[in-house]
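[1] need coordinates for the following:
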Amino acid sequence: MPASVSWIAFTPVKGLALHLADEIEVGESGLHGDRRFFLVDENDRLVNDKGHGALQTVRATYDESRRALRFDLPDGRAVEGAVETGDEIVTTFHGTPKRARLAPGPWDEALSGVAGIPVRLVEPERPAPDRGRSGAATLLGEGSLAAMARVLGVEEIDGRRFRMNFGVSGLEPHAEDAWIGRRMRIGEAVVVPAGNVGRCAVTTQDPRTGIRDLDTLGALADYRGEVETTEPLPFGVHALVAAPGRVRVGDLVAPDGDALTAPIQLVEYDEAWPVLYEQEEKRIRSALGDRVLKIAHVGSTSVPGLAAKPRIDVLLVVADSRDENGYVPALEAAGYVLRVRERDWHEHRLFKGPGVDVNLHVFSAGCTEIDRMLRFRDHLREDPEDRALYERTKRDLARRPWTHMQEYADAKTPVVEEILERAGEPRDARVGA
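    This is a model prediction of the structure:
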């Protein structure tokens, strides 16, 4: 059975009860709405469930459009109100300084009563996963849960006690450990697991009550204590988000097609590339008609005399790339496959082509990235010195060992920025070249 997403969990306030979702948007900072706030004590230190398990019985709901929070308390009461941030403080977040703004409200007193100590709600500038960007998402195989249940002699274990974002079915116990360092596609997103999640006393607590009821740490010490790991007592993995996208329960989880199985091969400029582009343009115009506001050949294969990977990059401009019903069905009928949806970056959509190796980039009219891509292409066409510099850089990087194509693309960023500055553009690390 292929691996697939079995649950999605998040909480707007770190340490409080988890929400289970059918689908969610995943960006570079993590799951949308996850850990937007956290609690601190009188010394501005993070307050979590380790010594205050009852906080897991409080459910927080955040309406981002209204900046409104609601807390449903275990005694049936609810406190709610608009979030109005105050002074900035420097908190101690897992031993590391982290700036955040106080978010005072009726919830401070209510949450203090549940925690048993005075606590205050704060809002950091960015969401607050435990391991920063490398912990933007966490994954745990259901096979690992079953293995621990057997060790503890219980029928099953509620996965919420491990507070992981994604559960994955169809895996052998701890198979997710092998994903560390690999690009994994999960729904429309791509994540790169960066390490094991080491466990603490929170996992010993029943997530419904916050009361200790299982010796999960003892179990992990018994049967996982000797495994090679990035953190002690490993159970699940934490990951950075390499490509944002929407994830739904039931979506497949598999190695990303961007993984390299052979060295990067650059070939000399081929006069056939403009012809292949023209074929794609004809196919796209036939599918979309007057919905095509602009279409152009971009990327290295669009620059005569420049060595390149034999992949045709096509820039397509539509009225609104967010309105997928207006163009995606027609492109799919023509054989294109939507592979990437980047809501956090210019609402970019990436399709793979039906025949030759094609990347079709879709942007909305007026997007600044359109002009940037065309300026980069036109400058390389006109400037032989920068064209030669770019080719030397690409050839040098292509000789190096890479695990994923994106690593190679990212390594080109400094020279791309340098060339863009000479082309009259501000520095920007995201160029479709």
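[2] CA only for contacts and neighbour counts going forward, please
    Will do.
[3] could I get the phi/psi values of residue 39?
    phi -110, psi 140 (degrees, to the nearest 10).
[4] isn't it up against residue 120?
    Yes. In this structure residue 39 lies within contact range of residue 120 using Cα atoms under 8 Å: 5.5 Å.
[5] these two: which is more packed in?
    A count of neighbours by other Cα atoms under 10 Å puts residue 39 above the other of residue 39 and residue 120, at 26 against 22.
[6] list the contacts for that one?
    Listed by Cα atoms under 8 Å, 6 or more residues apart in numbering, the contact set of residue 39 reads 13-14, 46-48, 119-122.
[7] including distance to residue 356, secondary structure and pLDDT, could those residues go into a markdown table?
    Output for the contacts of residue 39, formatted as a markdown table (distance: Cα to Cα, whole Å; DSSP: H, G, I helix; E, B strand; the rest coil; pLDDT from 0 to 100):
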| residue | distance to residue 356 | secondary structure | pLDDT |
| --- | --- | --- | --- |
| 13 | 47 | strand | 97 |
| 14 | 47 | coil | 96 |
| 46 | 53 | strand | 96 |
| 47 | 54 | strand | 96 |
| 48 | 53 | coil | 89 |
| 119 | 59 | coil | 98 |
| 120 | 57 | strand | 98 |
| 121 | 54 | strand | 98 |
| 122 | 52 | strand | 98 |
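[8] okay, these in CSV with distance to residue 295 next?
    Listed next are the contacts of residue 39 as CSV, based on distance: Cα to Cα, whole Å:
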residue, distance to residue 295
13, 44
14, 45
46, 51
47, 53
48, 52
119, 55
120, 53
121, 49
122, 47
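[9] list just the nearest of the residues you listed to residue 111.
    Among the contacts of residue 39, residue 119 lies closest to residue 111 (Cα to Cα), at 6.8 Å.
[10] how many other residues sit next to that closest one?
    25.
[11] next, it: phi, psi?
    phi -130, psi 160.
[12] spatially, which residue comes closest to it, not counting chain neighbours?
    Leaving aside its chain neighbours, residue 119 sits nearest to residue 41 (4.6 Å; criterion: Cα to Cα, 6 or more residues apart in numbering).
[13] now residue 331
    residue 287 (6.2 Å).
[14] and the next helix or strand past the helix or strand encompassing that neighbour?
    Using DSSP states H and E, residue 287 maps to helix 272-288. Tracing the chain past helix 272-288, the next element assigned as helix or strand by DSSP H and E is strand 294-298.
[15] can I get the CA coordinates of that following strand in PDB?
    Extracted in PDB, the C-alpha atoms of strand 294-298 (Å, rounded to 0.1, in the frame of the first residue of the first chain):
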ATOM      1  CA  LYS A 294       1.400  36.600 -22.700                       C
ATOM      2  CA  ILE A 295       3.600  33.600 -23.500                       C
ATOM      3  CA  ALA A 296       7.300  33.500 -23.900                       C
ATOM      4  CA  HIS A 297      10.300  31.200 -24.100                       C
ATOM      5  CA  VAL A 298      12.500  31.800 -20.900                       C
END
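[16] report the distance from the helix or strand following that strand to the chain centre.
    Counting by DSSP H and E, the element after strand 294-298 in chain order, helix or strand, is strand 312-318. Averaged C-alpha coordinates place strand 312-318 at 24 Å from its chain's average position (Cα atoms, centre = their mean, to the nearest Å).
[17] what strands flank strand 312-318, and is each parallel or antiparallel?
    strand 294-298 (antiparallel), strand 358-364 (parallel) (DSSP bridges).
[18] just so I know, which of those strands lies nearest residue 250?
    Between the strands paired with strand 312-318, strand 358-364 lies closest to residue 250; by Cα to Cα that is 26.6 Å.
[19] point out the other elements, helices or strands, that the helix or strand that that closest one is followed by touches.
    The C-terminal neighbour of strand 358-364 among helices and strands, as given by DSSP H and E, is helix 368-382. If you count contacts as 3 or more Cα pairs under 8 Å, 6 or more residues apart in numbering; DSSP states H and E, helix 368-382 packs onto strand 294-298, helix 384-398, helix 413-422.
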